[in-house]
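In: Here is my input, please return the structure:
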Amino acid sequence: MGLKVMPKFNIPSCLLRAAALGMFLIFLIPSVSMAQDPAGTNTGSIKDLSIDTLAATKDTVLNKMLATVNTVGNASGHNKIAINIMWTLITGFLVMFMQAGFAMVETGFTQKKNVAHTMAMNFLVYAIGVVGFWICGFAFMFGGALNVASLGGAAGVASSEFTVHLFGHDFGLWGKAGYFLNSNVYDVGIFTLFLFQLVFMDTTATIPTGSMAERWKFKSFVVYGFFISMFVYPIFGNWVWGGGWLAQLGTNFGLGHGHVDFAGSSVVHEVGGVAALAGAIVIGPRIGKYGKDGSVNTIPGHNIPMAIIGTFILAFGWFGFNPGSTLAGTDLRISVVAVNTMLASASGALAAMAYVWSKYGKPDPGMLANGMLAGLVAITAPCAFVNATSAIIIGAIAGILVVIVYNFLDRKLKIDDPVGAFAVHGANGFWGVLSLGLFADGKYGDGWNGVPGTVKGLFYGDAKQFLAELIGGLVCFVFVFAVMYGFFKIIKSTKIGLRVPEAEEVAGLDIPEMGVHGYVD
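Out: Below is the predicted model:
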């Protein structure tokens, strides 16, 4: 039998074009919603896949193909944004749980006669912070930068920043959109950002409750909670994370990528630590802490196991704090961030142990805990930009620094800080941003703060990045200390008062201030 000859078949040109289209699926038509999206159904589209687009043609087959691909692309883009939103929310929930860790650490390091009072401050600062940040704190901080691309971009929402024009440049000072989370910002991405940034703010707000513990009037504490959540934290936060002037040091003056702080060594911890220092100075030391002859008397904490457990809760929550700051579960750098966070916490604890043991003969468990926390604070800014070896070094330096700073304040300057809040958060928050300016290895951060290229520190060839970090750290200290010192002085001079009466302090604050005992013996 002879071979059958297949009939000649001409493929229509439209099918050829369709086949070619299938091989170039990166050229797609975006579907863009230009309105805010409170339900989240239209957030995330093919546009979020970062691919090129192709205009529609008059060809019916091509249009059907484009429509199909566009539908699939929109679903993929929606899922990408959904992953990012879910990731950001879950890590925010972890950071919220850090309030329990702070409460346990601070209460364990103080006396049992003040347990209810210390716990109540750590509890209520969360509620105060939620309301204060909702009123205006979020607007001041992010009103000029609401359209976070990884959370959907909030299409149709107008950001607004108050700026001043100096030296030929605009300097952003605070945001003007988003007060009370009003209907103008009713969008799933913006609400996600609000929750995540809110729990960061509450971390800052709770830090001074440790430095001023055992003698702080609860009324003045309440006023403080609203003040720092509505004004102090958000304004400095705007300068760094809200597109403000410290973030613009790169684009305006060529200082690297501007002041870079990945997860809050300066924005969260230095702000809280410096506020704690100002408060401790104004309120004065606890009765019996320092003798008339200049002697330093130790007032031991009543429950070391509670403080250690609280430290572990904080370390656990830090895996939300740092990796969550990608605001994107699709940013796979989160693994590097998480490991660097873990390494720095361990090296901080070990370095503190080695230093205290060699200097004082015993490994103080309180300093072990503070060493771990110091390592965590320090790695918070550079965690995404450094390698593992650098993370170990940064944490180890922090573990030694916390002991030196605590002893200097306590023994030389006679500043009574019961939990070492400034040594842990203030000093090591500053060290954290400086360490970024030293150790950032240029593997991450392309386009950060609008500057092309990755973030590099001094040891990798960019001295200007270190200068930007130094400027940011110094500005943080000067701004926060001046404002908070003045605030505490004003409160002290009013009828509200800052400190409880001497008799109540000696007896314990639980009954006079709270009406209940922390422990019923």
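In: so what's Phe180 up against?
Out: By Cβ atoms under 8 Å, 6 or more residues apart in numbering, the residues touching Phe180 are 134-136. All C-beta spots, glycine's among them, are computed from the backbone N, C-alpha and C.
In: Now with 10 Å, please.
Out: 134-136, 138-139 (Cβ atoms under 10 Å, 6 or more residues apart in numbering).
In: what's the answer for Met514, then?
Out: Met514 makes contact with 114-121, 218, 508 under the criterion Cβ under 10 Å, 6+ apart.
In: quick revisit: ok, the contacts of Phe180 vs Gly361, which is closest?
Out: Nearest to Gly361 among the contacts of Phe180 is Phe138, at 49.2 Å by Cβ to Cβ.
In: model confidence over the helix or strand containing the closest one, on average?
Out: Taking DSSP states H and E as the criterion, Phe138 maps to helix 138-142. Average pLDDT, helix 138-142: 98.
In: after that helix, next one along is what?
Out: Once the chain leaves helix 138-142, the next helix or strand it forms, by DSSP H and E, is strand 161-166.
In: the strands in the chain, which residues?
Out: In the chain, the strands defined using DSSP state E lie at 161-166, 169-175.
In: Neighbouring strands - and their directions - for the longest one?
Out: Strand 169-175 has the following strand partners under DSSP bridges: strand 161-166 (antiparallel).
In: what pLDDT, on average, does the partner strand get?
Out: 94.
In: residues of that strand that come out buried?
Out: Across strand 161-166, burial judged by 16 or more other Cβ atoms under 10 Å covers 161, 163.
In: how many other residues sit next to the closest residue to Ile309 other than its chain neighbours?
Out: Closest residue to Ile309 apart from its sequence neighbours, by Cβ to Cβ, 6 or more residues apart in numbering: Met104 at 5.8 Å. For Met104, the count of nearby residues is 23 (other Cβ atoms under 10 Å).
In: now Val223
Out: Val223 has 17 neighbouring residues, counting by other Cβ under 10 Å.
In: show me the contacts for Phe140.
Out: 133, 162, 173-176, 178-179, 230-238, 242.
In: Apply 7 Å and report the result again.
Out: The contact partners of Phe140, by Cβ atoms under 7 Å, 6 or more residues apart in numbering, come to 174-175, 234-235, 238.
In: Same question for Asn303.
Out: Per Cβ under 7 Å, 6+ apart, neighbours of Asn303: Gly108.
In: Which residue, other than its chain neighbours, is closest to Ala468?
Out: Leu255 (4.0 Å).
In: circling back: of the contacts of Phe180, which is the nearest to Cys383?
Out: Cys383 lies nearest to Phe138 out of the contacts of Phe180, by Cβ to Cβ, at 24.2 Å.
In: pretty sure the closest one is touching Phe194, no?
Out: Yes: using Cβ atoms under 7 Å, Phe138 is in contact with Phe194, at 5.4 Å.
In: Out of the two, name the residue with the larger neighbour count.
Out: For Phe138 versus Phe194, neighbours defined as other Cβ under 10 Å are more numerous around Phe138 (31 against 21).
In: got the contact list for that one?
Out: Contacts for Phe138 (Cβ under 7 Å, 6+ apart) come out as 178, 194, 197.
In: how close does the second one get to Gly515?
Out: Here Phe194 is placed at a distance of 34 Å from Gly515 (Cβ to Cβ, to the nearest Å).
In: What count of nearby residues applies to the nearest residue to Ala82 once chain neighbours are set aside?
Out: Nearest non-adjacent residue to Ala82, counting by Cβ to Cβ, 6+ apart: Gly44, 6.3 Å away. As a burial measure, Gly44 scores 28 neighbours (other Cβ under 10 Å).
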